[in-house]
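> Next input, structure requested:
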Amino acid sequence: MRHVPGEAPNPTEGFEDIEQAEFYFGRSWGDQIFTVRNNGGLIGVSTSAWGMFLATCRITFKPGKEPSPERQPVLERYIDFEMANLMADLVKWLPDKDEMAALSWFRQKTGR
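Numbering: from 1, shown residues only. As a prediction, this is how the structure comes out:
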């Protein structure tokens, strides 16, 4: 998802400047790198799993579109499949169904 300033929705596809993304999920995934080429749609992976891990993604841009080497993006996100069910249940019980409020409440209670 590319973040755009202002009120316009953030796009999730059509990134003409990106050639591919490489995803690494760690030792439990066999230290394998999952390469996803840009076909004009959503660039990502889908999986079923359990537990938690750090997902890392390296983006490769098309020739002429590359950022300077010091600005080469590497994205990371901590994935916790165990907490997903808890968060879904928590949001379901909130009167306003606000996911960010649920996350804030959870972080306050657990220190995470």
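> The spatially most central residue of the chain: what's its closest spatial neighbour, skipping adjacent residues?
In the chain, the residue lying closest to the centroid (Cα atoms, centre = their mean) is Arg77, at 5.9 Å. Spatially, and ignoring its direct neighbours in sequence, Arg77 is nearest to Ala55 (5.0 Å; Cβ to Cβ, 6 or more residues apart in numbering). Heads up, the C-betas are built off the backbone N, CA and C, glycines and all.
> quick one: that neighbour is in a strand?
Yes. The assignment for Ala55 (DSSP: H, G, I helix; E, B strand; the rest coil) places it in a strand.
> State the number of residues packed around it.
16 (other Cβ atoms under 10 Å).
> Looking at stretch 57-74 now, give me its mean pLDDT.
Average pLDDT, stretch 57-74: 86.
> Between the two ends of it, what distance do you get?
Distance between the two ends of stretch 57-74: 6 Å, counting by Cα to Cα, to the nearest Å.
> and it, which residues are buried?
Neighbour counts over stretch 57-74 (16 or more other Cβ atoms under 10 Å) mark 57, 59-61 as buried.
> Point out where this protein drops to low pLDDT.
1-4, 83-103, 105-106, 109-112 (pLDDT under 70).
> Helices along that one, start to end?
81-93, 99-110 (DSSP state H).
> This completes my enquiry, with thanks.
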